[in-house]
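Student: Sequence first, predicted model second:
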Amino acid sequence: MTEYVSLFINPTAGRGRAGRRLNRIRELFDLAGIAIDLHTSRAAGDLEEQVRIAVCSGSRKIVVVGGDGSIYEAVNGIMRADGSASLGIVPTGTGNDFAKACAVPLDWEHATRLLTTRLSANAVLRRIDIGRMNDRYFANGAGIGFDARVTRIAQAYRWPIGDFVYLFAILRCMFDGIPTPDLTIASDKPHWSGPVTLANISNGPWVGGMFHIAPMADNTDGQLDLLIAAPVSRTRLLFLLPKLISGQHMDEHEISHAIVRNLTIHATAPVPSHLDGEVQALACDFEIEILPSALELL
């Protein structure tokens, strides 16, 4: 019996790498005897809506070829439908934070071969947690403050330098000045009230491809890791950067950490935020929660 999957691709992901690899990916699925219903994203938000329609129409196996932005759209498409479809990924993005969190090989061809093997064998599937911020879902993490500004600047660059685009974006943000918005952050008890450099809410350990921001985060444990960075100077941030990359920053005095399942954040003025590296509209109020075991992985 032929296996069928709905395959969604963002051909521009990874500075166009996803599109260039599509023919080989299709060949590998064909060699495994798996038929593909191919969908191509043409604009921001298109992949999400296509996934939502597919799931509502009965698709139960969704495979995404792309990076964290494509996965973000696919997760929102699945969750906005009935949440019943399973998700598989072929990582072809710049950062691939979600792939690393799920132990998916970053070699796209190896990842494709493993995925087709699992599909052919009807392997036992695993479930992961999904986060929700206001009316949007995230697979890997949410950020409010400095990292959201860095993400917005990084997305404006089209240089073929991989993860290093985030380092350039950080230096640009530092040159412009490091804002410290006033936030009130609370869950079952207040965690913070005052200025911050950033608040990161992690479901997975990585952000921006190279920053091991929450080394303890596990997307199967039914909880989120909240990291708050107090205001820092430019000089101090330069000192902290190598530690953020290596995951050795948790004991620094500017860093506060708490395990949460839900929380609220209020800013005294609209602040930037991101979900899985996708910049959101400026806002003052955020309600964030974890949805345990909400998504099945192929």
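Tutor: Sure, I can see it. Numbering: from 1, shown residues only.
Student: outside of stretch 50-63, which residues touch it?
Tutor: Stretch 50-63 has contacts (Cβ atoms under 8 Å, 6 or more residues apart in numbering) with 4-8, 37, 39, 41, 73-74, 76-78, 80-82, 84-90, 115, 119, 298. C-beta coordinates here come from the backbone N, C-alpha and C atoms, glycine included.
Student: If we go by neighbour counts, what in the top helix by length along the chain is buried?
Tutor: Longest helix of the chain, by residue count under DSSP state H: helix 13-31. Within helix 13-31, the residues that count as buried by 16 or more other Cβ atoms under 10 Å are A13, G14, R15, R17, A18, G19, R21, L22, I25, R26, L28, F29.
Student: pLDDT and distance to P181 added to those residues, as JSON lines?
Tutor: JSON lines is the format used below for those (pLDDT from 0 to 100; distance: Cβ to Cβ, whole Å):
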{"residue": "A13", "pLDDT": "80", "distance to P181": "31"}
{"residue": "G14", "pLDDT": "71", "distance to P181": "32"}
{"residue": "R15", "pLDDT": "70", "distance to P181": "32"}
{"residue": "R17", "pLDDT": "80", "distance to P181": "35"}
{"residue": "A18", "pLDDT": "82", "distance to P181": "35"}
{"residue": "G19", "pLDDT": "84", "distance to P181": "38"}
{"residue": "R21", "pLDDT": "91", "distance to P181": "40"}
{"residue": "L22", "pLDDT": "93", "distance to P181": "42"}
{"residue": "I25", "pLDDT": "96", "distance to P181": "42"}
{"residue": "R26", "pLDDT": "96", "distance to P181": "46"}
{"residue": "L28", "pLDDT": "97", "distance to P181": "47"}
{"residue": "F29", "pLDDT": "97", "distance to P181": "46"}
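Student: Looking at the residues you listed, which two lie furthest apart in space?
Tutor: R15 and F29 (23.6 Å; Cβ to Cβ).
Student: Can you mark which positions in stretch 118-127 are buried?
Tutor: Those buried within stretch 118-127 under the rule 16+ other Cβ under 10 Å are L119.
Student: Kindly check the end-to-end length of that stretch for me.
Tutor: This stretch, stretch 118-127, spans 15 Å end to end (Cα to Cα, to the nearest Å).
Student: Moving C-terminal from the helix or strand of the chain with the lowest mean pLDDT, which element do we reach first?
Tutor: The helix or strand of the chain with the poorest confidence is helix 164-176; it has a mean of 68 (mean pLDDT, DSSP states H and E). Next helix or strand after helix 164-176 toward the C-terminus (DSSP states H and E): strand 182-186.
Student: So in that sheet, which strands flank that next one, and in what orientation?
Tutor: strand 190-195 (antiparallel), strand 262-275 (antiparallel) (DSSP bridges).
Student: As PDB, could you dump the C-alpha coordinates of that strand?
Tutor: Output of strand 182-186 as PDB, limited to C-alpha atoms (Å, rounded to 0.1, in the frame of the first residue of the first chain):
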ATOM      1  CA  ASP A 182       9.900  48.000  32.000                       C
ATOM      2  CA  LEU A 183       8.200  44.600  32.300                       C
ATOM      3  CA  THR A 184       6.000  43.000  34.900                       C
ATOM      4  CA  ILE A 185       6.300  39.300  34.600                       C
ATOM      5  CA  ALA A 186       4.200  36.900  36.800                       C
END
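Student: begin at 38 from here
Tutor: Got it, the first residue is 38 from now on, which makes the last one we talked about strand 219-223.
Student: Give me the residues contacting that strand.
Tutor: Contacting residues not belonging to strand 219-223 are listed as 181-182, 227-233, 236, 263, 265, 300-306, 308 [Cβ under 8 Å, 6+ apart].
Student: mind listing what's buried in it?
Tutor: For strand 219-223, a neighbour-count test (16+ other Cβ under 10 Å) marks L220, I222 as buried.
Student: Neighbours of C93, how many?
Tutor: Look at C93: counted by other Cβ atoms under 10 Å, it has 13 neighbours.
Student: out of all of them, which strand in this protein is the longest?
Tutor: Scanning the chain for the longest strand, with DSSP state E as the assignment, gives strand 315-334.
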